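S.K.: sequence and predicted model, in that order:
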Amino acid sequence: MDERPTGAQEARHALGDDEGRLSDPPVIPEPAPRDTEPGPRGRTAGSPAGPAGGPFAVFLRGSLPAWALVRQRFDPTEIDDVRGAVRAALEPVMGTVRPGMRVCVAAGSRGIDRIDQVVHATVERLAEAGASVFIVPAMGSHGGATAEGQREVLASYGITPETMGCEIRSSMATVELGEVRPGVPVYLDREAFEGADAIIPVNRVKVHTDFSGPVQSGLAKMIAIGLGKQHGADTFHREGFAVFHELIPEVAAFTLAHAPIPFGLALVENGFARLRHVEAVPADRIATREPELLAMSTGLLARLPLDTIDVLVLDEIGKDVSGLGMDSNVVGRYYTGPTGTPPAIQRIVARGLTAATEGNAVGVGMADVVLRRLVDAIDTAKTYMNCITAKTPEGARVALTVDTDREALAVALACCLRVVPETARIVRARDTKHLELLYVSEPALPEVLAGGRCELIEPPHPIAFDATGMLTEQYR
């Protein structure tokens, strides 16, 4: 696994020289003199928008830049007929399914596009072949590491006994298959191992947020960790992310040798987070095919169109967005510092949690400023269980907490180096998975438009807040 740069390296990357560190007390130049006339493009220079006063009034100085709404262009190719695509993908491997077989379909906890349709089509085709089908959650410690919690996670994605037409067996019980290395036992969902003649993992292939390697999130990881439930995930994470790039393929291979997994169904999404590719991968090809699918997925990954950003505002974070709530591959940082790839972002503001994350705020520790409404929505049991199992307690640390968006922007800017509000490079996105529409501040707009993959949707205009200091604009 690549070593992550230090905080000093992050500052140098962000500022372009060797002076200062993000851990230093920031020194903010005096703001430009205030005008009494309207600024360019309708921006009001002078007192900042939002309510005056409050505990952070001292930072409400200068005028925020105007911002514009832009649209990023991604390859729009996607699957329209999910059922047809799944059935076509399954045909080459249906010879492994015989009438009367008990088949378990393993489904995970990420916000995969139309996963309910994918799983339903899989169950339907297996049943047509004469199999007796049931579903198990394959999500490690997610859902609070309880059987009911994991059942609820599946239900939030539309996967229920009623919609799927088969039983869902949710249990945290496991069986030990043996040791892949001395002191590293391998576990598997007991319901799947003892109740099925064939286990079919269904998962999206993509880059992981915690480690790098030829195999990251996908079929191998679901086999190695997801199906191991909390017990297996905890044991696996004890070895540390530094060895995941080696251990995941090893554990997956060990499990494939000891459990009846004839094939897995791999999914790839496009830059709009829409399903683009479905492929059934035979067990003996998972090790070689998954790196190829990962390369396909990485080439399609949506990214921010800037290398340096002063403040990134994320409307939401959540487990359905990324395993870390916000994708480290998109924001260029991890708990321990920068990932070494752009963008270099000085400060991140997180405004809220997604509904689908159901209070799991893992990854909130990557933000610098958060809104109180986000903190109030945190389910500490779910968040702590996930972070403890992953051995990353820093993922649950709550950042500077403020009440309003106006305060959040002011505080985030005040925590930046060599930035005044008027010329700040600010970007606002719905989350790190949906990056088609972005608000980009005027100082960064020429660079964004010059890149060739963004188009202007709304011209620069003042950042608008309501009477309570909350952002009023919605993506359209």
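M.R.: Sure, I can see it. Residues are numbered from 1 along each chain as shown.

S.K.: my understanding was that residue 265 contacts residue 277; is that so?
M.R.: No. Counting by Cβ atoms under 8 Å, residue 265 sits too far from residue 277 to count as a contact (11.1 Å). For every residue, glycine as well, the C-beta is placed using N, CA and C.

S.K.: just the helices in the stretch 51-200 of the chain please.
M.R.: For the stretch 51-200 of the chain, helices defined by DSSP state H, counting those that start in this stretch occupy the ranges 82-90, 115-128, 147-156, 161-164, 190-195.

S.K.: same question, the stretch 351-476 of the chain
M.R.: Secondary structure of the stretch 351-476 of the chain (DSSP H, counting those that start in this stretch): helices located at 372-376, 380-389, 405-414, 445-450.

S.K.: make CSV from those helices and add mean pLDDT to it.
M.R.: What follows is the helices of the stretch 351-476 of the chain, written out as CSV (pLDDT from 0 to 100):
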stretch, mean pLDDT
helix 372-376, 97
helix 380-389, 91
helix 405-414, 96
helix 445-450, 96
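
S.K.: most packed of the ones you listed?
M.R.: helix 405-414 (a mean of 25; mean count of other Cβ atoms under 10 Å).

S.K.: any idea of the mean pLDDT for stretch 121-139?
M.R.: On average, the pLDDT along stretch 121-139 is 96.

S.K.: stretch 296-308 now?
M.R.: Rounded mean pLDDT across stretch 296-308 is 92.

S.K.: and it, what's buried?
M.R.: Across stretch 296-308, burial judged by 16 or more other Cβ atoms under 10 Å covers 296-297, 300-306, 308.

S.K.: so which of the helices of the stretch 351-476 of the chain is nearest residue 143?
M.R.: Residue 143 lies closest to helix 380-389 among these, at 7.2 Å (Cβ to Cβ).

S.K.: list of residues touching that closest one?
M.R.: 140-145, 149, 230, 233-234, 237, 319, 358-362, 364, 393-396 (Cβ atoms under 8 Å, 6 or more residues apart in numbering).

S.K.: filter those down to the buried ones, ChimeraX style.
M.R.: This is how ChimeraX selects the buried members of those, with burial counted by 16+ other Cβ under 10 Å:
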select :140,141,142,143,144,145,149,230,233,234,237,319,358,359,360,361,362,364,395,396
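
S.K.: out of the helices of the stretch 351-476 of the chain, which comes closest to residue 162?
M.R.: Ranking the helices of the stretch 351-476 of the chain by their distance to residue 162 (criterion: Cβ to Cβ) puts helix 380-389 first, at 24.7 Å.

S.K.: just the CA trace of that closest one, in CSV.
M.R.: Listed next in CSV are the C-alpha coordinates belonging to helix 380-389 (Å, rounded to 0.1, in the frame of the first residue of the first chain):
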residue,chain,number,x,y,z
THR,A,380,-23.7,6.5,17.6
ALA,A,381,-24.2,2.7,18.0
LYS,A,382,-24.1,2.1,14.2
THR,A,383,-21.3,4.6,13.7
TYR,A,384,-19.1,3.3,16.5
MET,A,385,-19.7,-0.3,15.6
ASN,A,386,-18.6,0.3,12.0
CYS,A,387,-15.5,2.4,13.1
ILE,A,388,-14.5,0.0,15.9
THR,A,389,-14.7,-3.0,13.6
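
S.K.: now it: how far from the chain's centre is it?
M.R.: Centre-to-centre, helix 380-389 and its host chain are 16 Å apart (Cα atoms, centre = their mean, to the nearest Å).

S.K.: please report how far the residue lying closest to residue 144 once chain neighbours are set aside lies from residue 54.
M.R.: Spatially, and ignoring its direct neighbours in sequence, residue 144 is nearest to residue 382 (4.5 Å; Cβ to Cβ, 6 or more residues apart in numbering). Separation of residue 382 from residue 54 (Cβ to Cβ, to the nearest Å): 31 Å.

S.K.: now the buried residues of stretch 296-308 in JSON lines, with secondary structure and distance to residue 130?
M.R.: Output for the buried residues of stretch 296-308, formatted as JSON lines (DSSP: H, G, I helix; E, B strand; the rest coil; distance: Cβ to Cβ, whole Å):
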{"residue": "296", "secondary structure": "helix", "distance to residue 130": "33"}
{"residue": "297", "secondary structure": "helix", "distance to residue 130": "34"}
{"residue": "300", "secondary structure": "helix", "distance to residue 130": "37"}
{"residue": "301", "secondary structure": "coil", "distance to residue 130": "39"}
{"residue": "302", "secondary structure": "coil", "distance to residue 130": "41"}
{"residue": "303", "secondary structure": "coil", "distance to residue 130": "45"}
{"residue": "304", "secondary structure": "coil", "distance to residue 130": "49"}
{"residue": "305", "secondary structure": "coil", "distance to residue 130": "51"}
{"residue": "306", "secondary structure": "coil", "distance to residue 130": "54"}
{"residue": "308", "secondary structure": "strand", "distance to residue 130": "58"}
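
S.K.: nearest spatial neighbour of residue 186, chain-adjacent residues omitted?
M.R.: residue 177 (4.6 Å).

S.K.: give the contact list for the one you found.
M.R.: Contacts of residue 177 by Cβ under 8 Å, 6+ apart are 185-188, 193, 254-255, 258-259.

S.K.: quick one, strands of the stretch 1-150 of the chain?
M.R.: 67-72, 102-107, 132-137 (DSSP state E, counting those that start in this stretch).

S.K.: out of the ones you listed, flag the one nearest residue 451.
M.R.: In terms of Cβ to Cβ, the element of the strands of the stretch 1-150 of the chain nearest to residue 451 is strand 67-72, at 9.3 Å.

S.K.: and the helices of the stretch 351-476 of the chain as TSV, adding distance to residue 60?
M.R.: Shown next, in TSV, are these (distance: least, Cβ to Cβ, whole Å):
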stretch	distance to residue 60
helix 372-376	17
helix 380-389	31
helix 405-414	5
helix 445-450	24
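
S.K.: out of those, which gets nearest to residue 207?
M.R.: Here helix 380-389 is closest among the helices of the stretch 351-476 of the chain (Cβ to Cβ), at 19.3 Å.

S.K.: let me see the ranges of the strands in the stretch 251-400 of the chain.
M.R.: 263-269, 275-282, 308-314, 333-334, 337-338, 344-350, 369-371, 400-402.

S.K.: out of the ones you listed, which comes closest to residue 108?
M.R.: strand 263-269 (10.4 Å).

S.K.: hang on, the earlier thing: so which of the strands of the stretch 1-150 of the chain comes closest to residue 408?
M.R.: strand 67-72 (15.0 Å).

S.K.: and that closest one, what does it pack onto?
M.R.: On a contact count with 3 or more Cβ pairs under 8 Å, 6 or more residues apart in numbering; DSSP states H and E, strand 67-72 meets strand 437-441, helix 445-450, strand 454-461.

S.K.: that one to strand 437-441, inter-axis angle?
M.R.: 140 degrees (axes from the mean of the first three to the mean of the last three Cα atoms, to 10 degrees).

S.K.: picking that back up, let's have the buried residues of stretch 296-308 in JSON lines, adding distance to residue 206.
M.R.: Output for these, formatted as JSON lines (distance: Cβ to Cβ, whole Å):
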{"residue": "296", "distance to residue 206": "10"}
{"residue": "297", "distance to residue 206": "5"}
{"residue": "300", "distance to residue 206": "9"}
{"residue": "301", "distance to residue 206": "7"}
{"residue": "302", "distance to residue 206": "11"}
{"residue": "303", "distance to residue 206": "13"}
{"residue": "304", "distance to residue 206": "17"}
{"residue": "305", "distance to residue 206": "20"}
{"residue": "306", "distance to residue 206": "22"}
{"residue": "308", "distance to residue 206": "25"}
